[in-house]
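Chemist: give the three-dimensional model of this entry:
(chains A and B)
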Protein chains: 2
Amino acid sequence: MSIRAEIHKQNLVKIFNPKSIAVVGTNNVKGTVPYDILFNILKTEFTGVVFPVSPGEKSICSVKAYKYVVDITDPVDLAIIVFPSAVCHLALEQCGQKGIKGVVIISAGFKEVGAKGLERENQLKQIAEKYDMSIIGPNCLGIINTDPLINLNASFARKMPEQGNIGFLSQSGALCTAVLDYAQAKHIGFSKFISFGNKVDISEIDLMYHLMEDDKTKVILLYLEEVTNGRALMKAARDVTKLSGKPVLILKSGRTEAGASAAASHTGSLAGNDEIYDAAFKQAGMIRCDNIEEMFNIAIAFAYQPIPKSNKIAIITNAGGPGVLTTDAAIHDGLQIARFSEETTREFRKSLPANANIKNPVDVVGDARADRYNIAMNGAFRENDVDAVFVILTPQSMTDIETIAKEVVKVSKQYSKPVYTSFMGEADVAVGVDILLRNKIPHYILPESMCRSFSRVYRFYRDIDKNPHPPRIYNDVDTQSVKTILDKAISNNHLYLTEDEAGEILKIYGLPVVESRLATSSDEAASVAGNIGFPVVMKIASEDIIHKSDVNGVKLNVQSSEEVIDTYKNMVGQVLQIKPEARIKGVQISKMILSGEEVILGVKRDPSFGPVIMFGLGGVYVEVFKDVSFRVAPIDEIIADSMIKQIKSYKILEGIRGKPQRDIGKIRECLMRLSQLALECPQIKELDINPLIVLDDTKGCFVADARILLNTQPRSDTNNSTINNN
Amino acid sequence: MSIRAEIHKQNLVKIFNPKSIAVVGTNNVKGTVPYDILFNILKTEFTGVVFPVSPGEKSICSVKAYKYVVDITDPVDLAIIVFPSAVCHLALEQCGQKGIKGVVIISAGFKEVGAKGLERENQLKQIAEKYDMSIIGPNCLGIINTDPLINLNASFARKMPEQGNIGFLSQSGALCTAVLDYAQAKHIGFSKFISFGNKVDISEIDLMYHLMEDDKTKVILLYLEEVTNGRALMKAARDVTKLSGKPVLILKSGRTEAGASAAASHTGSLAGNDEIYDAAFKQAGMIRCDNIEEMFNIAIAFAYQPIPKSNKIAIITNAGGPGVLTTDAAIHDGLQIARFSEETTREFRKSLPANANIKNPVDVVGDARADRYNIAMNGAFRENDVDAVFVILTPQSMTDIETIAKEVVKVSKQYSKPVYTSFMGEADVAVGVDILLRNKIPHYILPESMCRSFSRVYRFYRDIDKNPHPPRIYNDVDTQSVKTILDKAISNNHLYLTEDEAGEILKIYGLPVVESRLATSSDEAASVAGNIGFPVVMKIASEDIIHKSDVNGVKLNVQSSEEVIDTYKNMVGQVLQIKPEARIKGVQISKMILSGEEVILGVKRDPSFGPVIMFGLGGVYVEVFKDVSFRVAPIDEIIADSMIKQIKSYKILEGIRGKPQRDIGKIRECLMRLSQLALECPQIKELDINPLIVLDDTKGCFVADARILLNTQPRSDTNNSTINNN
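Modeler: Model (predicted):
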């Protein structure tokens, strides 16, 4: 943990549990942020002391005001700064002098307004570091702690949320207002509610660790617009899940920006940023949500209910139609409809009316009252094959909605299995829904949302132990030689590595590069080919030619010495005809791999997440179906395996239409070695192995072509790094 | 139109606009269906006269009761039967005698309880036909007509919905209760609300035509659990859309049943029923919804707003975060963010504060009040590039929600462009949402739902003229010869057509079957091959062998007469070794098509929709990616084209990696010819052309292998219909 992170950790405790607060820059104008912040703190009956600081007022909201924060004689744990952005640094400096360690800056007018604002942020940062202070904000709504021992609403939100066990972190302040309003109607309670705005100092990472250790928080929700440090975010999410078992739900906006930023190179163009976010969040065990409704649908499932043992559900309904809809949705989301034992079936047959459906989904029929729901629920909870009970209600004329809701609460309290509900409708069912939500029974307007939410919860706990192991480190790598090659290329301002260099680096990292040698005459070519063994591939070798096929610079499947000699002459001639200025080194001869499946391996550096590994099948699978998978490096064997299995065309590697399985184990190894290379060689910007030819199981694979792009600015023409076109 | 349909059409007018109603089987027990139905009619102030019919009561709900319906001396337009199912037929018989033409049977206990109930339904049907009556139900909730001239709630729903222009048809009564409750809370009004239950007589088709002609109905919503006559449903939907321009929204449950019913043959196994529903609904111009929330989200967009001219939207928001979320969603759903003119930009720069974002999405900033929304909305509505305005609000501390809602209503009334809103949150925004919904402004809790709903509306009107043209009829088909072949095979109880027969039928229908002849000796084989031209494909010809490859009965790419002679001998020998009992007719010799893309064409008969045409690329595309498309026959050129372009691998046909485009025009023709064949030959149960080898553009294509399964029960061994294995 960095020194600043350590300082934040300590200061955050005081920020959220202050004994005294200064509201710096408040005023007496009702309906403005500086006033509302102070009034909210008073109105919520904050358990500590609050000091208004205002240059021009004697008192605000009946409380004595101070001209400067340094005028306060009592110690102050937390300052809330609401001054205009231009003078915030002055107020912060005084807070530092006063010895205040925790500061929330509400004011807008920083990074979001451009260069001037960014400069102001840097000023704040320097002051914070000078005094070992920690800042939340600027440009935020403020912070809320519902703990009754604290009772802090240091925000300009319209109201304090209910107490609960959801911790909410948001980069957008405005979204917070919508969330609080939504949550109020649904009786969703929060432990802490934090708007962190421009995160000049304290980031979502610090706050996640804080909530991890907060025993009032069971679920962490995060709304992010910008991932500044993707790796730190992943680590924090993993730590939270691993150390505390708390799920982290994330809503990330800006999905379609990605589509716009088409990357230049081949691998790059496939790696829309959003796919990398998807991969990274999943890899870190986070649950990505599509919108705030889905986020809270899942959050209440985690917050209110015990951990499900399996995905086997019982459905109880008073109507057939919704029973069918729910079964559809459950199957679609990978849930299992439990099978009732003889005993349960007998019990239902005895106690439910003859026209009831006593199989799962249980239909207690339209005129069902609470007694039938009671029988069905008790039976379902007791049934061994059932690990969660879904209760559905439609408001028919005989339905006693309120009593049934109370029955659901009463019965479900007697069991340790989760219960989920969907009282369909809105007006009449509201009284029942209110009872359910006040009693922390997850309720969903749509049975489809109910199934989906349970499915996400189930999969979270199922996968919680699949956190990555330390990746295998291959010690057979001569990193010094790699460094020499890269340094030389960079000092020569090459954009791409040459063919030989790229091949050499891959070889050093243990990747099975196909045998290849340069011939500088047609006779040498014939002799080289003879040594390598026919058939061979011949390719023009020239630093001036990137796309060899375009200049007829590639010939596959050359079968004999005579053909090699002819091809050499023809090729050099044709290339020079098309590109007379090209400096030709000779022709590269390599072994032709005759049968195997072509796959693509890639490395790309994401601005947020660093080195990302890509995998897919070659040709149309990648071009037409975009059937590729991504993972953030490092990747262990399990991750490598999951990224191979994720692609739809995986079946082809397993062997279809009578073909044998390909050497998937060797692909895994290549991916892991590539991951190590990506991490150890930051000089490499992008790397494509296209194709890696994969032979039958246990027979290995071969790098037939590769390209390495460097982190450098080229002076001259680009250089080619192809090992072996195919 | 059938005679019954004509009768229904006339009777439905009386059913929904009765001057007098008999409630047959009502009683005095409050809280039961027989009582509630009568009381609901009275409570809603039905504008006509109601007559209770009850064997044991003198009066019910203060209204004089009759022992039998025939005792009523006044004429009766509509009878609502609520007797137990066992005696409904007696009541119906009396209704017939009384001359009542329209009947709604509420009672349950029919088809849904098994064979006995089905028998009862048949009884009802016969009585209805005898008296030219029309029945809605049985096993339904009843019907509602909100027209103030009628005011009819002949249902046991808890309440009468608001008047509006949505017509709702539901097979499930219980779902109706949920829908009414949901709609009440959202001020969604209905023209007619009809629960049609087991549809023993009047079906959703009759009701759709009725709503088509109902000038109070603007949008038709349909919840279906079972499609009895898919083709009639498609025709009705097309007629409604074409003749009245009214959209038909459909929610079909039972999606996952399909997955379970794995069909036997190759094509069949790909054709999950749900995919066929998807294709058929789309083909008929219906809008399929995933759940009731989505259905009403889209319904209010149609019901409340004018037709959008384009998909260019302006977004107005008081917060950046939701602006980003909405932009993401809009782009994702294929909408365009409009570009503001110089004039609009100038106006916004002048009238909005400096920290507002005056580009689209317009951010009027967190402290915006109604005046800023007014400026932004007027500017957006006036802007030529904008064809719909999306207004977003987050409840920040300074936001005057109610006034802004009123402003949205006021301003949007002045323009003829659609407006959509999302006031995010739930509790505080409720007052604003209520104003919007009462004034028929579509409102969505989630901006994502807003974008999706608008997108569905936009696409409906964009595609409304893409209704199918009469399919081209190919007159070059000798249908008599086809009939002879099929009749013979069926009379011989063959399950599959033989190779020759299948090839012959396809040839007659103008499909380009590859040249092929049977050789009964090795010498004849050599001579046949010489005539056809090398290379050739050789395949064993035997009625006893279906899977030729399994017995080494196929040899591709045979290059010379000598090879043909050797292959003939070896093949026959090997086949007999593996399958000694096989009766071998000889070896089929056919031309080997060397280069082309392999596609699959198929015909399958769906129990609801009849002949369905399938298209996909062969091999892994169909096996691994399930990349196929379906359409219900007949298909015209536009539909054929759309089903070819729908598959992801279409790019391959267009030509990738330097390959030329394939002959897509010829595929279209093959699909249309196959569609004609499927419609004209009901004796054919399934047909697979696998592969059709497609050459380069304008070069045509070849049927290289086909299999035809007949609508017959086989007595003996199956026969093979392969034309040419490959």
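Chemist: got the residues of the stretch 401-550 of chain A near chain B?
Modeler: With the criterion set to CB under 8 Å from any CB of the partner chain, the stretch 401-550 of chain A comes near chain B through A:424-430, A:445-446, A:448. Yep, even glycine has a C-beta here, placed from its N, CA and C like the rest.
Chemist: for the stretch 201-350 of chain A, what lies in contact range of chain B?
Modeler: Residues of the stretch 201-350 of chain A lying near chain B by CB under 8 Å from any CB: A:223, A:225, A:253-256, A:259, A:290-293, A:318-322, A:324-325, A:327-328, A:331-332.
Chemist: cutoff 7 Å now
Modeler: Applying CB under 7 Å from any CB of the partner chain, we find that the stretch 201-350 of chain A lies next to chain B at A:225, A:253-256, A:291, A:293, A:318-322, A:324-325, A:327-328, A:331-332.
Chemist: these in strands, which ones?
Modeler: Residues of those located in strands (DSSP state E): none.
Chemist: so what pLDDT did residue A:254 get?
Modeler: For residue A:254, the pLDDT comes out at 67.
Chemist: also residue A:263?
Modeler: What the model reports as pLDDT for residue A:263 is 27.
Chemist: the one 3 residues further on too?
Modeler: pLDDT, the model's per-residue confidence, is 32 for residue A:266.
Chemist: starting at the chain centroid, how far to stretch A:70-89?
Modeler: Distance, stretch centre to chain centre, for stretch A:70-89: 36 Å (CA atoms, centre = their mean, to the nearest Å).
Chemist: pretty sure residue A:477 contacts residue A:508?
Modeler: Yes. Using CB atoms under 7 Å, residue A:477 makes contact with residue A:508 at a distance of 5.9 Å.
Chemist: what's residue A:53 sitting at in phi/psi?
Modeler: Dihedral angles of residue A:53 (phi, psi; degrees, to the nearest 10) stand at phi -120, psi 120.
Chemist: please name the nearest non-neighbouring residue to it.
Modeler: Distances taken as CB to CB, 6 or more residues apart in numbering or on different chains put residue A:24 closest to residue A:53, at 4.3 Å, once the chain neighbours are dropped.
Chemist: distance of that neighbour relative to residue A:70?
Modeler: Distance from residue A:24 to residue A:70, counting by CB to CB, to the nearest Å: 11 Å.
Chemist: overlap in contacts of the two?
Modeler: Residues touching both residue A:24 and residue A:70 (CB atoms under 7 Å, 6 or more residues apart in numbering or on different chains): none.
Chemist: which of the two has more residues huddled nearby?
Modeler: Between residue A:24 and residue A:70, residue A:24 has the larger neighbour count (other CB atoms under 10 Å in any protein chain shown), namely 30 against 17.
Chemist: wasn't residue A:451 part of a helix?
Modeler: Yes. Applying DSSP: H, G, I helix; E, B strand; the rest coil, one finds residue A:451 inside a helix.
Chemist: which residue, other than its chain neighbours, is closest to it?
Modeler: In this structure, residue A:451 finds its nearest non-sequential neighbour in residue A:329, 4.0 Å apart by CB to CB, 6+ apart.
Chemist: how about residue A:211?
Modeler: In space, residue A:211 is closest to residue A:167, 4.1 Å off (CB to CB, 6+ apart).
Chemist: show me what contacts the one you found?
Modeler: Contacts of residue A:167 (CB under 7 Å, 6+ apart): A:190-192, A:211, A:214, A:217, A:220-221.
Chemist: could you do residue A:454 as well?
Modeler: Contacts of residue A:454 (CB under 7 Å, 6+ apart): A:301, A:335, A:388, A:420.
Chemist: quick one: which of the residues you listed sit in strands?
Modeler: Judged by DSSP E, strands contain the following of the contacts of residue A:454: A:388, A:420.
Chemist: wait, which of the contacts of residue A:454 is closest to chain B?
Modeler: Among the contacts of residue A:454, residue A:335 lies closest to chain B (CB to the nearest CB), at 11.0 Å.
Chemist: any idea which helix or strand carries the spatially most central residue of chain A?
Modeler: Closest residue to the average C-alpha location of chain A: residue A:281 at 1.7 Å, with CA atoms, centre = their mean. For residue A:281, the host element (DSSP states H and E) is helix A:273-283.
Chemist: how many neighbouring residues does residue A:656 have?
Modeler: The number of residues packed near residue A:656 is 14, by other CB under 10 Å.
Chemist: with residue A:3 instead?
Modeler: Other residues close to residue A:3 by other CB under 10 Å number 9.
Chemist: separation between residue A:61 and chain B?
Modeler: When distance is defined by CB to the nearest CB, to the nearest Å, residue A:61 is 15 Å away from chain B.
Chemist: now swap in residue A:368 and tell me
Modeler: From residue A:368 to chain B the distance is 11 Å (CB to the nearest CB).
Chemist: picking up where we left off before, now go through the residues of the stretch 201-350 of chain A next to chain B and say which are in helices.
Modeler: A:293, A:320-322, A:324-325, A:327-328, A:331-332 (DSSP state H).
Chemist: out of these, which is most surrounded?
Modeler: residue A:325 (30 neighbours).
Chemist: my guess is that one contacts residue A:447, does it?
Modeler: Yes. If you go by CB under 7 Å, residue A:325 and residue A:447 touch, sitting 5.5 Å apart.
Chemist: now for the closest residue in space to residue A:698 that isn't next to it in sequence: which residues touch it?
Modeler: In space, and not counting its chain neighbours, residue A:698 is closest to residue A:663: 6.1 Å by CB to CB, 6+ apart. Counting by CB under 7 Å, 6+ apart, residue A:663 makes contact with A:694-701.
Chemist: tell me the pLDDT of residue A:663.
Modeler: pLDDT for residue A:663: 96.
Chemist: do you know how far it is from residue A:66?
Modeler: 74 Å.
Chemist: closest to residue B:113 out of the contacts of residue A:663?
Modeler: residue A:697 (56.6 Å; CB to CB).
Chemist: about what we covered before: pick out the most distant pair among the contacts of residue A:167.
Modeler: It's A:214 and A:221 that sit farthest apart of the contacts of residue A:167, by CB to CB, at 13.3 Å.
Chemist: quick one: which of the two has more around it?
Modeler: Neighbour count, other CB under 10 Å: between residue A:214 and residue A:221, residue A:221 has more, with 28 against 22.
Chemist: helix/strand/coil for that one?
Modeler: Following three-state DSSP, the label given to residue A:221 is strand.
Chemist: so what's the closest residue to residue A:381 other than its chain neighbours scoring on pLDDT?
Modeler: Ranked by CB to CB, 6+ apart and with sequence neighbours excluded, the top spatial neighbour of residue A:381 is residue A:415, at 4.2 Å. You'll see residue A:415 listed with a pLDDT of 97.
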